[in-house]
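*Asks:* give me coordinates for this.
(one chain, ligands or ions: 1)
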Amino acid sequence: MVEPGVLTCRTIDTRTSSLSNILRAYSALVPPRQISIPPFLAFSEVQGFFLNSILLNGHFKRYPPSQKYQRKFWKWALERLEVLSQNEEDNEIDELIYQHYLSLIRLVWYDRNDSLPSDSYITYYWKSPAMHGSDESQLYETVTLLESQTTVAASTTGLRTWRSSLALAQYLIEHAGLVAHSTVLELGSGIGFLGIVVASLQLHFGLTRTCTPTNGTLPPGKLGIFLTDLNSCVLDRCQSNIKLPCNRSSVHPNIQYRLLDWFDAISAQENLKSLLVEAHADIILGADIVFDPALVPPLVATLSAALSQAHTRMALIALTIRNEVTFDYFLKETGASPALTARANTELQHDDHF
Ligand SMILES: C[S@@+](CC[C@H](N)C(=O)[O-])C[C@H]1O[C@@H](n2cnc3c(N)ncnc32)[C@H](O)[C@@H]1O
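*Replies:* Numbering: from 1, shown residues only. Next comes the predicted model:
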């Protein structure tokens, strides 16, 4: 026999979770054709959700998805509401939703010459091991970034978040001990996605506790994060994203930003050495930094220099294998370096946790 109370509870959970999925899809700019509204949801429920949780949501007012994305989303939402309204009596589509959509299509006139998608805020939700509660929404933390919507913008690939960052973040969330009590140095940090997740893990599990860093040599005040990149525009954007008040990283006491070119490991070793001494990192991170064979030798030389420091215990590099030859070249070069023992794990995947 099924207990009615249990059944009701499960139904509410499923409804809430379906709507939360739509919220997370909207915030991450998922194309509306990939979003579905479960058939068991009624017009009034869906409309109430679109209105209160998306249109009137204070976070999205302050950090909105691009107007281009919003136009697509609200067109889709209105079409779905129109279909659903045919099944219900109390079926008026709220004027606020129409008005919002009209304001977006009016803006197209001003936007016409803008053939490239503009930068957009994007909010990723992640299930944090530090969050507890009976309500699903209490289990998530967010990372909000101002991101480019193109693969290459201003001659760099660093102005958007790449999937390797999502995969590496997921791994670190599941193994928070790796970074919570460590000083972390990130190579090619881009606009800060991974830095924000690491900062949150340190704030939850490291900095808030009286802890001695694992190697026991660092004063706790030095525990922190060094974010490095070649490109100063990328590093500036990284810094402003990290400091967005909605990101937990904004209250992290020790995040440093440094320009670093991996070619320094070959031609300007003193620069690299002084950065490594200053950072005193326990662990090195890098996401999607193995993509060009010309960068492999300087990157491997940078990793070798970093891992030759007595206190630096490991480097975790997540990459997308776009070209087997580049990947094999990277493994071969790491294997040839006396300071490196490479262990490849091709299981690390991003499974839409974000
Ligand atoms: C594909 S993006 C990855 C960004 C970020 N880690 C992510 O996963 O979203 C590659 C990054 O490496 C940086 N980069 C490229 N060449 C570099 C070099 N020689 N030295 C340091 N950083 C470099 C770029 O500026 C860019 O931010």
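*Asks:* helix or strand: which one has whatever residue of the chain ends up closest to the ligand?
*Replies:* Per CB to the nearest ligand atom, residue 158 is where the chain lies closest to the ligand, at 2.4 Å. C-beta: built from backbone N, CA, C; applies to glycine. Under the criterion DSSP states H and E, no helix or strand holds residue 158.
*Asks:* next up, the contacts around it.
*Replies:* Going by CB atoms under 8 Å, 6 or more residues apart in numbering, residue 158 touches 188, 190-191, 229-231, 234.
*Asks:* what's the farthest-apart pair in these?
*Replies:* Farthest apart among the contacts of residue 158 by CB to CB are 191 and 230. That separation is 13.3 Å.
*Asks:* going along the chain, name the strands of the stretch 201-350 of the chain.
*Replies:* 225-229, 255-259, 283-287, 314-318 (DSSP state E, counting those that start in this stretch).
*Asks:* low-confidence ranges in the stretch 1-150 of the chain?
*Replies:* For the stretch 1-150 of the chain, applying pLDDT under 70 flags the ranges 1-13, 108-117.
*Asks:* which residue ranges form the strands in it?
*Replies:* For the stretch 1-150 of the chain, strands defined by DSSP E, counting those that start in this stretch occupy the ranges 120-127, 140-147.
*Asks:* can you show me the CA trace of the first one as PDB?
*Replies:* So that's strand 120-127. The C-alpha coordinates for strand 120-127 follow below in PDB (Å, rounded to 0.1, in the frame of the first residue of the first chain):
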ATOM      1  CA  SER A 120      26.500  38.000 -20.800                       C
ATOM      2  CA  TYR A 121      26.200  37.200 -17.200                       C
ATOM      3  CA  ILE A 122      25.900  33.500 -16.700                       C
ATOM      4  CA  THR A 123      25.200  31.700 -13.400                       C
ATOM      5  CA  TYR A 124      26.200  28.200 -12.800                       C
ATOM      6  CA  TYR A 125      24.600  26.200  -9.900                       C
ATOM      7  CA  TRP A 126      26.600  23.500  -8.100                       C
ATOM      8  CA  LYS A 127      25.700  21.100  -5.400                       C
END
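*Asks:* nearest to residue 133, out of the strands of the stretch 1-150 of the chain?
*Replies:* That would be strand 140-147 among those, by CB to CB, at 10.0 Å.
*Asks:* so residue 322 makes contact with residue 293?
*Replies:* No: counting by CB atoms under 8 Å, residue 322 stays clear of residue 293, with 11.4 Å between them.
*Asks:* any idea how far residue 242 is from the most centrally placed residue in the chain?
*Replies:* The residue lying closest to the centre of the chain (CA atoms, centre = their mean) is residue 193, at 4.1 Å. Using CB to CB, to the nearest Å, we find residue 193 at a distance of 10 Å from residue 242.
*Asks:* which ones among the contacts of residue 158 also lie next to the ligand?
*Replies:* Restricting the contacts of residue 158 to those near the ligand by CB under 6 Å from any ligand atom leaves 188, 190, 229-231, 234.
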